[in-house]
Structures are given as C-alpha cells and as structure tokens.
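Trainee: Need the 3D shape of this:
(2 chains)
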Amino acid sequence: MNYTMKKQLLILSFASLSCVILALYFASHGTTIVYTHIFYIPIILAGIWYKKKAVYLALLLGTAHIFMTLFAIYPPTMEIVIATSERAFMFVVVAYVIGLISEKQAKGEERLKATKDYLDNIIKSSADAIVVVNMNGIVRSWNKAAEEHMGYTAKEVIGTHNRKFFAVPEEAERIMEIVLREGELKNYRTIVLNNAKKQVHISMSAALLRDKNGVPVGTVRVSRDITKEVELEEKIKEERDNLNLILESMPDGVYIVSKDYKVEFMNRVLIDDFGYHIGDVCYKVFHNRKNPCPLCKNTEVMKGKTVRWEWQSHRENRTYDLVEAPLKNSDGTISKLTIFRDISGRKRMEEELRDAEDRYRVIFEHALTSLCVLEEGGRISLANQEFALLSGYTKEEIVGKTWADFIADEDRDRVQNYCAERREGRASACIPFNFVHRSGELRHVNAWIEPIPGANNCIASLVDVTELKRKEQELRETCERLTELDKMKRDFLNVAYHEMRSPLAPIVGYASLLELCELPDKGRKYVSSIEQSARELDMMINRMLELARIDSRKINLILTEFALAEVVQEVVKSVEPAAKKKHQVISTSVPDIVVQADKEKTAAVFSNLIFNAVKYTNEGGGIDISVEERGGDIKVCVSDTGIGISEEHLPKVFERFYMVDTSLTRKSGSLGLGLSIVKEYVNLHGGKVWATSEPGKGSRFFFLMPKRQS
Amino acid sequence: MEKKRILIVEDAAYMREMLTEMLAQEKDRYEVVDYAVNGKEAVEKYKEQKPDLVTMDLAMEVMDGIQAIIEIKKHDPNALIIAITALGTPEQKSAALDAGAGEYLWKPFTIRNLFDALERLQRKSE
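Mentor: Purely as a prediction, here's the structure:
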C-alpha cells in the first residue's frame, strides 16, 4: 500500500466519519433532510478512487443514514422510511455509477500509459537520434541516442533553436521547408556539429506532426550517424577515382562490364576508338553482335577467376592479349574488368622473325660458301653442307669440334688472334690460312669472321681458294713471262730500229755527197732514188719507234699555245713539192685561232693526213683542208678526190699495218702506220678521229680535238 | 775568214770517214783537227785541241755523248757542240740540249743538213 492510497483511505475514513458524526448531530436535533447531501462527498471520492468498490461505502453510509433517521424519528413515518430508503439507494446508485465511470476511465488511462511507455521505451532505446522540433525550430524532445551522438543532454537543448546543430545553419530552415512541402523527408544526408564541434554525417528522415485539427505543429526527426559509412564511401570513391585515373591513362584498352554485359566504364583509348558507350552492352559496342560473344569469359570471371587469353580477330586480322578480372562493387555485385592490348604488330614481327629465321637457315644451309657458327671458346655449334664438304666430316661430326681442329698448326695463333680481333670489331680484311681436311690434306682458304649482333657467337665463312691460288700462280707466271717477253720485244725493237737506222746514215749521207759530184743524168736519177727510198725507210722506222713509245706510255704532251693556221701552212708547204709533182691543188680554210696543244704532234697529225691525201689522190686531183670551231673543240676535215676506201675497210684504216690494198701499198711504198699515229696523237689530246669515203670519188678524214687541255 | 777547227767524236769509223768527206766539201771554212772514239777521249782531245766546233755522237762506249757534253761544258762553257744520234727520241734530244749541245742532228742526214746545223750553231754563238 503506497502513500497515495494511504492518504486516500485516510481522507475517505475522515470524510465518512465526519458525515456519520454530522448525521448523528442532526439526527439528535430531529432533522434528517439537510445533512444527507454531504454523504455524497466520500461516496464520489470513493467512486473515483476505488471505482465500484465505492458501492460498499455507499451501502455502509446508506445503512448508517437509515439508522440515524430511525434514531432521530422513532417510530418513523412511512414517508420517512421511503425517503430514507430512497436516499440510501441513491447513495449506492451514485457510488456504482461513479465507480463504473471511474473504472472505465482508469482502464483507458492505463492503456494510454502503456502505449506511452512503449513509445517512450522505443524512443529511449532507439539507436537513432529522435528529435522533435516545433514549427519555430525549437527543440521539444531529445532522446538518449541524440544525447550520445551529439554530446548534448536533453536538458541542455530542449527549448533551444536547432540551427546551431548544423554545419551549415541554413540546413535547419531547408529541412523544415522540405518537410512542410513534401510532408516527409527520407534519408536526407547532411552534416551536423556535435558538442565538441566535430562534424558528424547523418542520414535524416523526418515527418510532420499535426494537431487534431491537422495544423502542423512540428517535426519529428530520426537521424542516423553515417560518418563511418561516408568516410568509407569517400575512401572507396577515391580509390575508384585513382583506379579510373590509372585505367584512363593506360595505353591499353580498358573497360568494365557488369554481370549483364552493361559497359560501366571505358577508358580514353576505347572512347577514342569506339565512342562513348557507357551504359550500352559490350557485345554490341565492341563486336556489333546481337548476343554475347561465344568466347566471352564473363561466366568464369563472375565466379571470381582472372583469365588471361589471346583473341584472334579474323574479321580484322588482329590479335589481342586480354586480361579479364573480377571487380567487386560496393553493393557486393561483381563486374568484369577487361584490359586488352593489340599485339598484332608483335605477332606479325614474331612471324616475320620466324620466317626470316627459316629463310636464313635455308641460305645458311645451301650457301656455296662454307659456313659455321663459332661459340665462345671456339666450339662449332652449327655447320652447313659446304663446310662438311670442305672438311670431309659430316655435319653431325663437326658439331662439338673446335675451330682450332681445322687450322694448320703454323697458322693457328695467327687465326686465333684474328678471331679475337674480329670479336672486338677490329681487323677488317679476311684472313687466308691452311685448312686441315679430315685426311690431313691442307686446303688454302680465305676466312671471314663476323660476330653475330646481340650474341656471343660468330659466324665464320670460308672460301676454298686452293684451286684459285693455283690458277693465280699460273697466271702470275704467265704474266711475268709475257712482261718479260714484251720487254724483250721492246728492247729488241729499240735496238733493231737503232741498228737499222745507223747504216741509213751513210746511205743518205753519201747519196747527198754523190749528188755534188759530176754524174751522168742516169747516175743522178739513181742517186735520187737511193735517197728517196732511204728517206722513206727512215720515216717508217720513225713511226714504228713512235708507236713503240706510245705503247710503253713514254709519250707526254708538251703543251704550248700556237696559231693553228701557221702549223697548217708549214705542213702544206712541206707537202707542196710532192703535190706539185702530181699537179694537185691544195686549198686551206683555217680560221685565225690559237690552240693549246702539243705543237709537234698536232703538226704530225696534219702532216700524216695531208701526205696520205696527196699519196692516194691521182694526178690533177684536189685536196682541201678545213678547220672550224665547235664550241670548245676544233673540227678538222681533210678531204681529197682520191681513190676512196670501201665501206668494209673504213673502220679499220686507223689500225696498225692495216693495208687496204696490198698492191696499192706496194705502189705507194708505205706501211699503214701514219693513220695509227694520227689516231694515237688525237686520242692523247682527248679527241677522236673518223673517216667517210666514197670509193672512186674521194675520202674525208675528220678529227675533233679540244682547243685547250684542261 | 778563219777556218773553223772541228773535233769529230764518233765511234763508227765509216761515220767519221763520211763526216770528214762532207766537211772536205767546204775546205775553206772547216778543218777537222782530230777524232775521238768515245766520250772520255773526246773530253781529253777537246782540252788538248781546243776546237771551235764539236760533232758529238751520243751512243758510245766508255763514256756516252751526253756525259761528254757535260764534261766539256764544265771545262769550257762556251763550247759549241752538235749532238748527232740515230735514236731520235724527244727525250734524248732534250737531254742533249740540256747538257749543253747547241744543235741536234738526227741520223740519217744529208750534207745540206750538216752545214745548216753548223751554221745555225755558229749564228747562235755570235
């Protein structure tokens, strides 16, 4: 029994006792009417406090009232009995009604209290902060979680404005505005400041509170501390950003697709190639297919496997190297990250390399040079067929032998030094040495060692020059013999010419002396003939000597400047006696030019051509000498009206001892040496000679010669 | 006019004889003072006789003509010498002229050639 109940019981007892005493007092004074009303006081109180139990008090007080009345008025009249009974009955009725009402009310209250307790408990024990704010922004309620999260006690904040809790104070009005407009707020993210002024990320849901007339009176806000989630999210985002940055900047193609093939990411390389297709399905974007590709590794990757594979695109004739890996998303789903690289170039190069290797192998094997590959230390690791032939071993037997096995003892050091030098990139010529055949026979070879780039080995190529050497020796001997013979011939000719000429001296000399003597006409004629023949013999010897000198390259040009016309005139003058004898006319047409050349030889050229013209032209014929300038050259033409030369002989007239007609030669007493000398002299000046002719009508001899020697 | 004294240097006897015959045609002008058969002898005879003119064959034993010309020129820079040879190469001609020969005569030559050469040589010395 608690204090309230004791107090109630005391009040009731006191009130009831007071009523009984008062009733006794009035009864003793003979009145019963007035006091009865005061009995209602304890009855009503009891009805309120003890509910229907008040009926017992009413019965007690009713009985007491009846006895009081009987005590006061005895014997009672019928009226009094009825009135008294009626009052007593009224007490009971009132007590019952009030008890009933009280009981009902108490029951409602109890229910209300239970609900309130329940809600209070929820609010109190909620992990989320629950705050009630009225329309003016004043905090009306602040639960335990709010205290914990914010560091403010309910006592401190209830009755204060809620603006101070937001990192951005305007948020208070903003939230209110949204709630008013929408009627509620769901998972609204904002930042609040706790008591320590630290930022706390919250997710807030709010609802509008209305009074029974539907007028908004405030908002109830449920907030959750999501600082940790936000930090985590930011971290994840940052990492994703970093990852994206890496992926973006990769030269390889990178894309991410979801389980259902949706492109979630593609890097710059891909966007540049395919355009921006995030959100589309990969097989459509990359392969223009209606269904997932048959080779797609999605299923495996979705199981958590990382796959690396090569994909050959036959349509584009390209090869790709792909790495596909699972990528866990924050929501627990898996996406597929694909990194691929176009390795077509590399593949092609590999193929080309293989082809090249095959090609080189064929070349190596079928080369007509002996080839072998020398490893460090001189071991032979590969040899071709030709090397096998040279050495007398099979290719298999050669592998494993050393290079030195094939070098003759006396050459070994020299060849090894050469090899070492070649390895270092020095020594440039090939080396000759004696190669030892299986039989022990020596072969002369020329060897060339070439280091293989990027490797430690060398390739040795050998050419068997044994036969070549023998032939070379033969040739050298032949050459020596021929040189000797040539020298002997020249010496012989020189001596011969000299010896031939010496007896000519007294012939010519005495003939000239004889002419001074008194002789009969016949004798004079004979002497003249002797002299003439001796002179021709002399001229022939001179020419032969001159040609011999040209052949042994003893001739040098002695260059001087001279007027060409003068030289021509001198020559014509010397020929004129012979021409006059045959009644020939010599005409000249030479421009006034100065040339730089060997004067004597130039004169000899003119002399030979003009002498020939006179010689081969019949009596009364004409000889014409014309010179013209042709740029830096002079072109000379000596034409005659002589017997001419047939076409077949024409190209050969400049050859030595070439005689167009032996009978003619005999008649004229000449050896075909004059034109040879003309040709040699003109050639020495860098010019050329040629001839045209019409047999029976005449010949034209031309030569072209530079005006100056450069 | 004073007779010119000539030394004939020539290894071949028939040539010496012929030259003598030729020079005899101008007895009033030329006189053969002596003969030499090689270069060495020529130098000695030159020193001994001091001739006005020398005909010098180039191809000789013991000492050849070129060497003899050089020796004579060394002894007497004003010596007048005609080189005579059968080997008529330009090289030999210029070798003889370089050595100091004033004229050059190729074999075979006529009496006319000889006197022309002698006259040219003398004109040059004047």
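
Trainee: which bits of chain A sit near chain B?
Mentor: Counting by C-beta under 8 Å from any C-beta of the partner chain, chain A comes close to chain B at A:494, A:497-498, A:501-502, A:504-513, A:516, A:531, A:534-535, A:538, A:542, A:545, A:549, A:554, A:558, A:600. Where you see a C-beta, it was placed from the backbone N, CA and C, and this is true even at glycine.

Trainee: Which members of those residues are classed as buried?
Mentor: For the residues of chain A next to chain B, a neighbour count by 16 or more other C-beta atoms under 10 Å in any protein chain shown gives the buried set as A:494, A:497-498, A:501-502, A:504-513, A:531, A:534-535, A:538, A:542, A:545, A:549.

Trainee: average pLDDT across the host helix or strand of residue A:25?
Mentor: Here residue A:25 sits within helix A:3-28, counting by DSSP states H and E. Helix A:3-28 carries an average pLDDT of 82.

Trainee: State the next helix or strand along the chain beyond that helix.
Mentor: As assigned by DSSP H and E, the chain's next helix or strand after helix A:3-28 is helix A:40-50.

Trainee: Mind giving me the packing neighbours of that following helix?
Mentor: helix A:3-28, helix A:54-72, helix A:78-125 (3 or more C-beta pairs under 8 Å, 6 or more residues apart in numbering or on different chains; DSSP states H and E).

Trainee: What residues of that helix count as buried?
Mentor: Using 16+ other C-beta under 10 Å as the burial criterion, the residues of helix A:40-50 that qualify are A:40, A:42-50.

Trainee: Distance to residue A:95 for those - can I get that in a markdown table?
Mentor: Below are the buried residues of helix A:40-50 laid out as a markdown table (distance: C-beta to C-beta, whole Å):
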| residue | distance to residue A:95 |
| --- | --- |
| A:40 | 9 |
| A:42 | 9 |
| A:43 | 5 |
| A:44 | 8 |
| A:45 | 10 |
| A:46 | 7 |
| A:47 | 5 |
| A:48 | 10 |
| A:49 | 11 |
| A:50 | 9 |
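
Trainee: on that earlier part again, buried stuff in the helix holding residue A:25?
Mentor: Across helix A:3-28, burial judged by 16+ other C-beta under 10 Å covers A:8, A:12, A:15-16, A:19-20, A:23-24, A:26-27.

Trainee: how near is the spatially most central residue of chain B to chain A?
Mentor: Geometric centre of chain B, nearest residue: residue B:55, 1.3 Å, by C-alpha atoms, centre = their mean. Note on residue B:55: its distance to chain A, by C-beta to the nearest C-beta, to the nearest Å, is 12 Å.

Trainee: Could you pull up phi and psi at that residue?
Mentor: The phi/psi pair for residue B:55 (degrees, to the nearest 10) reads phi -100, psi 120.

Trainee: For it, give me its contacts.
Mentor: B:6-10, B:19, B:81-82, B:84, B:105 (C-beta atoms under 8 Å, 6 or more residues apart in numbering or on different chains).

Trainee: ok, now with 10 Å
Mentor: For residue B:55, the contact set (C-beta atoms under 10 Å, 6 or more residues apart in numbering or on different chains) comprises B:6-10, B:15-16, B:19, B:23, B:32, B:81-84, B:103, B:105, B:114, B:117-118, B:121.

Trainee: Check residue A:298 too.
Mentor: For residue A:298, the contacting residues are A:257-261, A:282-283, A:292, A:307, A:324, A:334, A:336, A:338, by C-beta under 10 Å, 6+ apart.

Trainee: Let's have those residues in TSV, adding pLDDT, neighbour count and secondary structure.
Mentor: What follows is these, written out as TSV (pLDDT from 0 to 100; neighbours: other C-beta atoms under 10 Å in any protein chain shown; DSSP: H, G, I helix; E, B strand; the rest coil):
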residue	pLDDT	neighbour count	secondary structure
A:257	89	26	strand
A:258	87	18	coil
A:259	85	14	coil
A:260	85	9	coil
A:261	87	18	coil
A:282	85	24	helix
A:283	85	17	helix
A:292	85	16	coil
A:307	88	15	strand
A:324	89	21	strand
A:334	86	16	strand
A:336	88	24	strand
A:338	87	25	strand
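
Trainee: The helix holding residue A:25 packs against which elements?
Mentor: If contacts are counted by 3 or more C-beta pairs under 10 Å, 6 or more residues apart in numbering or on different chains; DSSP states H and E, helix A:3-28 sits against helix A:40-50, helix A:54-72.

Trainee: Now do it and helix A:40-50, the angle between them.
Mentor: The directions of helix A:3-28 and helix A:40-50 differ by 160 degrees, with axes from the mean of the first three to the mean of the last three C-alpha atoms, to 10 degrees as the criterion.

Trainee: which bits of chain B sit near chain A?
Mentor: Chain B comes close to chain A at residues B:12, B:14-15, B:17-19, B:21-22, B:24-25, B:59, B:84-91, B:94, B:105-114, as judged by C-beta under 10 Å from any C-beta of the partner chain.

Trainee: Point out the ones among the buried ones among the residues of chain A next to chain B that are inside helices.
Mentor: Counted as lying in helices by DSSP state H, out of those, are A:494, A:497-498, A:501-502, A:504-513, A:531, A:534-535, A:538, A:542, A:545, A:549.

Trainee: Does the residue nearest the centre of chain A belong to a helix, a strand or coil?
Mentor: Residue closest to the mean C-alpha point of chain A, counted by C-alpha atoms, centre = their mean, is residue A:251 at 9.3 Å. Following DSSP: H, G, I helix; E, B strand; the rest coil, residue A:251 is assigned to coil.

Trainee: pLDDT (mean, whole number) over stretch A:593-611?
Mentor: Mean predicted confidence for stretch A:593-611 is 91.

Trainee: Quick check: residue B:119 is in a strand.
Mentor: No: counting by three-state DSSP, one finds residue B:119 to be helix, located in no strand.

Trainee: ok, it to residue A:328 distance?
Mentor: Counting by C-beta to C-beta, to the nearest Å, the separation of residue B:119 from residue A:328 is 130 Å.

Trainee: which residues touch the closest residue to residue A:451 other than its chain neighbours?
Mentor: Excluding the flanking residues, the one nearest residue A:451 by C-beta to C-beta, 6 or more residues apart in numbering or on different chains is residue A:458, at 4.9 Å. Applying C-beta under 10 Å, 6+ apart to residue A:458 gives the contacts A:372-376, A:378, A:403, A:419, A:422-423, A:448-452.

Trainee: Sounds good, over and out.
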